[in-house]
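> okay, predicted coordinates and the sequence, questions at the end:
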Amino acid sequence: MSKNYTYSFIILALILVLCFLTNISLGSVSIPISEIFDSLFGASDNYIIQNYRLPKALTAILVGSGLGISGLLMQTLFRNPLAGPFVLGISSGASLGVALVILGSGLFGGVLATFLISKWSIVIAASLGSFLVLLAVLLVSSKVRDTMAILIIGLMFGSITAAVVSVLAYFSSAEQLQQYIFWGFGSLGNLSWHELLIFFCIYSFGIVLTIVSIKALNTLLLGENYAKSLGINIKKSRYIIILATSLLAGTITAFAGPIAFIGLAIPHITRQVFNTSNHKVLLPAVFLFGAIIMLICDSIAQLPTSDYTLPINAITSLIGAPVVVWLLVRQRKMVF
């Protein structure tokens, strides 16, 4: 890693720490930085920091970095700048699982329906939906050789699940639709420490698979034939990359809901800033950029000093999309 990259990573790490502390400080009640340090190092016991704002800030880091990395994996695998973490239908599968629980609960009795719409049932349903779509994509990918065919198949799975959700929505009550829509807004502030630990364990496994794939990712940029000439097992590498993306994006969707923009835009922003396609540099850079931008978006969504909180999806799209358009227009070409 060159000296320039080292300085860049140090600056990004410092910005991440600043955004992390700012995120914890801001909210309906402003908390001084000194009190945050006291709480983090055990000098004081602030309930709001330790049980709400700190888990939410950590969730923002995991969500932003995870979606950014999974988006990078998909863009590299398909060599398509418009590919994001959800092109394989993973988010659609999660949405279908949640829709079956929330929108389909009216088919059951009142007590059973209440049980089905518990917090963990929604997480499990989203996870199962993502996992089933993943199995279908992996099964199909074993039958086809063309990587672009997998992309199209993933989009078709997304269309099928969206159609089923539409049918369920048509026969649902207004209250059920409202609950499903609120889930679709995304949320970072609903996880307990126990849930965050489970989230982190699955996230870490996805990151490990990503690190293992760095060599394959770099060679795939030059084409599958070149990768084969270097001894890369294309089929095995494809499986690992798809599995890593599914673990990251699927788990994030299950615990935080479908978060828009981050997975698509963060890799582009990172490439523009670092001007490289080397994944040894891109992966940690995407991690930092994703975490920083998600913390900033969450800080804005909290509407500091207000009791209201905006949907995180709205903020990520409103802030991120114009930034990406500006970067692409200014650069006029993408490093890819």
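Nice, thanks for sending it over.

> just the CA coordinates of the helix or strand harbouring Leu288, formatted as CSV?
Under the criterion of DSSP states H and E, Leu288 resides in helix 279-301. Below are the C-alpha coordinates for helix 279-301, written out as CSV (Å, rounded to 0.1, in the frame of the first residue of the first chain):
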residue,chain,number,x,y,z
HIS,A,279,-9.5,-4.7,-4.2
LYS,A,280,-6.8,-4.7,-1.5
VAL,A,281,-7.3,-1.0,-1.4
LEU,A,282,-10.9,-0.8,-2.3
LEU,A,283,-12.3,-3.2,0.3
PRO,A,284,-11.0,-1.2,3.4
ALA,A,285,-11.8,2.1,1.7
VAL,A,286,-15.4,1.0,0.9
PHE,A,287,-15.7,-0.2,4.5
LEU,A,288,-14.8,3.3,5.8
PHE,A,289,-16.8,5.3,3.2
GLY,A,290,-19.9,3.1,3.8
ALA,A,291,-19.7,3.4,7.6
ILE,A,292,-19.1,7.2,7.4
ILE,A,293,-21.9,8.0,5.0
MET,A,294,-24.4,5.8,6.8
LEU,A,295,-23.5,7.5,10.1
ILE,A,296,-24.0,10.9,8.5
CYS,A,297,-27.3,9.9,6.9
ASP,A,298,-28.5,8.5,10.3
SER,A,299,-27.5,11.7,12.1
ILE,A,300,-29.6,13.8,9.6
ALA,A,301,-32.5,11.3,9.8
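
> which parts of that helix are buried?
Buried residues in helix 279-301, defined by neighbour count with 16 or more other Cβ atoms under 10 Å: 279, 281-301. Glycine gets a C-beta too; all of them are placed from N, C-alpha and C.

> how distant is that helix from the center of its chain?
11 Å (Cα atoms, centre = their mean, to the nearest Å).

> what's the next secondary structure element after the helix or strand containing Val165?
Using DSSP H and E, Val165 maps to helix 147-170. Per DSSP H and E, the first helix or strand lying C-terminal to helix 147-170 is helix 174-185.

> buried residues in that next one, which are they?
Per 16+ other Cβ under 10 Å, helix 174-185 contains these buried residues: 176, 179-180, 183, 185.

> compute the inter-axis angle for the helix or strand just after it and helix 279-301.
On the C-terminal side of helix 174-185, the closest following helix or strand by DSSP H and E is helix 193-212. If you take axes from the mean of the first three to the mean of the last three Cα atoms, to 10 degrees, helix 193-212 sits at 150 degrees to helix 279-301.

> contact partners of the helix or strand just after helix 193-212?
Counting by DSSP H and E, the next helix or strand C-terminal to helix 193-212 is helix 214-220. Applying Cβ atoms under 8 Å, 6 or more residues apart in numbering, the contact partners of helix 214-220 are 73, 76-77, 79, 226-227, 230, 232, 237, 240-241, 277-280, 283.

> alright, I will stop here.
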